[in-house]
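Engineer: What follows is a protein structure lacking sequence information:
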């Protein structure tokens with residue numbers, strides 16, 4: 001069987017042809033779509049110093065680089081993100097829609113020149129007890145953290161607020177109001193168990209808290225930005241029960257679409273335990289902002305896959321995604337919660353009319369990390385028009401059937 005050339009072998013060919021370490025490098029990339037009409041969406045390619053990029057060449061990228069990506073005579077907007085500690089270079093772009101079973105040839109060219117397409121900014125803390133993540137000049141997320149025993153009710157849970165497309169107002173609810181423990185995008189389980197001991201890390205009663213420890217990574221760009229935080233789930237005696245690494249990458253797909261990709265790694269720190277809870281009080285969930293006092297209550301309607309099976313009490317089985325549609329500040333939004341196929345199954349979705357929705361599962365948690373992945377797709381419905389289930393099905397397939405560039409000699 002013919003093997004696919006590695007990036008290292010491609011570089012060797014280029015260098016052996018007489019290119020100096022500081023010359024422009026070029027690659028040809030093949031993209032092959034599956035058997036569905038793929039909507040436009042994010043694609044990433046990672047290159048490593050010393051293994052795939054010569055060390056001398058990589059050193060020239062430390063202060064930024066210039067790169068171009070061409071597809072069928074069309075230049076695509078791309079962004080480079082350099083991790084000096086890891087010695088890696090990530091190439092990110094939004095790829096146009098592709099027809100079923102279609103194939104495309106792309107050309108990537110890279111040179112260590114002036115800073116034109118590299119993302120180098122870092123998120124900064126706000127005065128409001130959190131850290132905003134921006135894509136370009138727009139705020140997309142605020143990570144709310146900082147436990148304070150004197151303000152326990154407001155600070156016992158780290159979570160993410162989601163901004164509207166203008167980056168001005170939150171689409172999500174914070175502490176207080178109806179069900180104070182519902183906060184933005186958040187994770188928890190109300191029926192965790194370790195032997196005979198039961199713990200509720202959903203409501204966080206009896207001194208339990210989900211507390212930020214430190215940031216471990218993060219970069220801001222004009223097309224995509226990322227952040228990662230280490231979080232401790234701590235019991236009433238101050239013992240760390242679970243360690244969580246919460247990573248998020250935000251993408252600007254278009255002026256009316258934004259993607260938030262979460263990867264969450266959970267590890268048991270005080271012995272094996274059970275992650276469990278009822279569908280209304282467990283898992284990774286979104287809570288829409290409540291209507292201001294005196295205004296009509298927020299009412300969310302939902303779209304689900306046809307395979308979904310209603311179980312009563314707003315609980316659904318057989319769903320890989322759920323879309324919540326609602327109006328805020330005079331605009332109509334859709335928030336699509338996608339539960340990656342690699343996550344534990346069976347899963348259960350809960351979809352409350354007041355705007356709390358998401359999925360959960362039951363699983364054992366040990367020292368080896370349990371990796372969870374979710375995609376939150378935010379859509380400006382006024383700009384795009386009514387949502388169609390067929391499009392959402394294709395959006396989910398695009399999430400789970402990742403486009404992976406194949407490198408060929410060029």
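Structural biologist: Structure received. What you are looking at is a predicted structure, and each value in this text was computed from that prediction instead of being measured.

Engineer: show me the contacts for the nearest residue to residue 332 once chain neighbours are set aside.
Structural biologist: For residue 332, ignoring the flanking residues on the chain, the nearest one in space by CB to CB, 6 or more residues apart in numbering is residue 381 at 4.1 Å. Every residue, glycine included, has its C-beta placed from N, CA and C. Going by CB atoms under 8 Å, 6 or more residues apart in numbering, residue 381 touches 325, 331, 332, 333, 334, 387.

Engineer: Assumed residue 395 was part of a helix.
Structural biologist: Yes: Residue 395: assigned to a helix according to DSSP: H, G, I helix; E, B strand; the rest coil.

Engineer: show me what contacts it?
Structural biologist: 39, 41, 321, 336, 338, 377 are the contacts of residue 395 under CB under 8 Å, 6+ apart.

Engineer: what about burial for those, which qualify?
Structural biologist: 39, 41, 321, 336, 338, 377 (16 or more other CB atoms under 10 Å).

Engineer: Can you flag which of those belong to strands?
Structural biologist: Among those, the residues falling in strands (DSSP state E) are 41, 321, 336, 338, 377.

Engineer: and the last one, bridged to which residues?
Structural biologist: What it means is residue 377. residue 259, residue 336 (DSSP bridges).

Engineer: isn't it right next to residue 336, touching?
Structural biologist: Yes: the criterion here is CB atoms under 8 Å, and residue 377 meets it with residue 336 at 4.0 Å.

Engineer: can you list the domain ranges for this structure.
Structural biologist: In terms of domains, the chain is parsed into 7-119, 124-399 (source: automatic domain parsing).

Engineer: could you dump these to JSON lines with mean pLDDT and distance to residue 406?
Structural biologist: Listed next are these as JSON lines, based on pLDDT from 0 to 100; distance: least, CB to CB, whole Å:
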{"stretch": "domain 7-119", "mean pLDDT": "73", "distance to residue 406": "4"}
{"stretch": "domain 124-399", "mean pLDDT": "96", "distance to residue 406": "18"}
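
Engineer: To residue 408, which of the ones you listed lies closest?
Structural biologist: Of all those, the one in closest proximity to residue 408, counting by CB to CB, is domain 7-119 (4.9 Å).

Engineer: What residues of stretch 355-372 count as buried?
Structural biologist: 355, 356, 357, 358, 359, 360, 361, 363, 365, 370, 372.

Engineer: Same question for stretch 133-144.
Structural biologist: Under 16+ other CB under 10 Å, the buried positions of stretch 133-144 are 133, 134, 135, 138, 139, 140, 141, 142, 143, 144.

Engineer: Return the member of the residues you listed nearest to residue 197.
Structural biologist: Using CB to CB, residue 144 is the member of these that lies nearest residue 197, at 28.6 Å.

Engineer: so the closest one touches residue 156, yeah?
Structural biologist: No: contact criterion CB under 8 Å: residue 144 and residue 156 do not qualify, at 11.3 Å.

Engineer: Quick check: the gap between residue 195 and residue 276.
Structural biologist: The gap separating residue 195 from residue 276 is 14 Å, by CB to CB, to the nearest Å.

Engineer: who has more neighbours, those two?
Structural biologist: The neighbour count for residue 195 versus residue 276, taken as other CB atoms under 10 Å, is higher for residue 276 (17 against 9).

Engineer: quick one, helices of the stretch 1-150 of the chain?
Structural biologist: Remark: helices assigned in the stretch 1-150 of the chain by DSSP state H, counting those that start in this stretch are 7-16, 55-59.

Engineer: er, the stretch 251-400 of the chain I mean
Structural biologist: Under DSSP H, counting those that start in this stretch, the stretch 251-400 of the chain gives helices at 381-384, 389-400.

Engineer: TSV please, covering the ones you listed and showing distance to residue 268.
Structural biologist: TSV is the format used below for those (distance: least, CB to CB, whole Å):
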stretch	distance to residue 268
helix 381-384	41
helix 389-400	27
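
Engineer: Please identify the deepest-packed of these.
Structural biologist: Mean neighbours per residue, mean count of other CB atoms under 10 Å, is largest over those for helix 389-400, with a mean of 18.

Engineer: any idea how far that one is from the chain center?
Structural biologist: 16 Å (CA atoms, centre = their mean, to the nearest Å).

Engineer: now swap in stretch 225-235 and tell me
Structural biologist: The answer for stretch 225-235 is 14 Å, by CA atoms, centre = their mean.

Engineer: Redo the buried residues of stretch 355-372 as TSV? Include distance to residue 245.
Structural biologist: What follows is these, written out as TSV (distance: CB to CB, whole Å):
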residue	distance to residue 245
355	28
356	25
357	24
358	20
359	20
360	19
361	19
363	17
365	14
370	11
372	11
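
Engineer: Looking at these, which are in strands?
Structural biologist: 356, 357, 358, 359, 360, 363, 365, 370, 372.

Engineer: which residue packs closest to the last one, ignoring adjacent ones?
Structural biologist: Closest residue to residue 372 apart from its sequence neighbours, by CB to CB, 6+ apart: residue 264 at 4.4 Å.

Engineer: Run through the bridge partners of that neighbour.
Structural biologist: When assigned by DSSP bridges, residue 264 has beta-bridge partners residue 246, residue 372.

Engineer: State the number of residues packed around it.
Structural biologist: Neighbour count of residue 264, defined by other CB under 10 Å: 19.

Engineer: Just to check, it is in contact with residue 243?
Structural biologist: No: with contact defined as CB under 8 Å, residue 264 does not reach residue 243; the gap is 11.2 Å.

Engineer: For the stretch 1-150 of the chain, which segments count as strands?
Structural biologist: 25-32, 41-48, 66-71, 74-76, 78-83, 88-95, 103-111, 118-119, 124-125, 130-135, 138-144 (DSSP state E, counting those that start in this stretch).

Engineer: Columns distance to residue 402 on top of these, output as a markdown table?
Structural biologist: Output for those, formatted as a markdown table (distance: least, CB to CB, whole Å):
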| stretch | distance to residue 402 |
| --- | --- |
| strand 25-32 | 11 |
| strand 41-48 | 8 |
| strand 66-71 | 17 |
| strand 74-76 | 17 |
| strand 78-83 | 17 |
| strand 88-95 | 11 |
| strand 103-111 | 15 |
| strand 118-119 | 21 |
| strand 124-125 | 31 |
| strand 130-135 | 20 |
| strand 138-144 | 22 |
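
Engineer: Could you look over those and pick the most buried one?
Structural biologist: Comparing the strands of the stretch 1-150 of the chain by mean neighbour count (mean count of other CB under 10 Å), strand 138-144 ranks first with a mean of 23.
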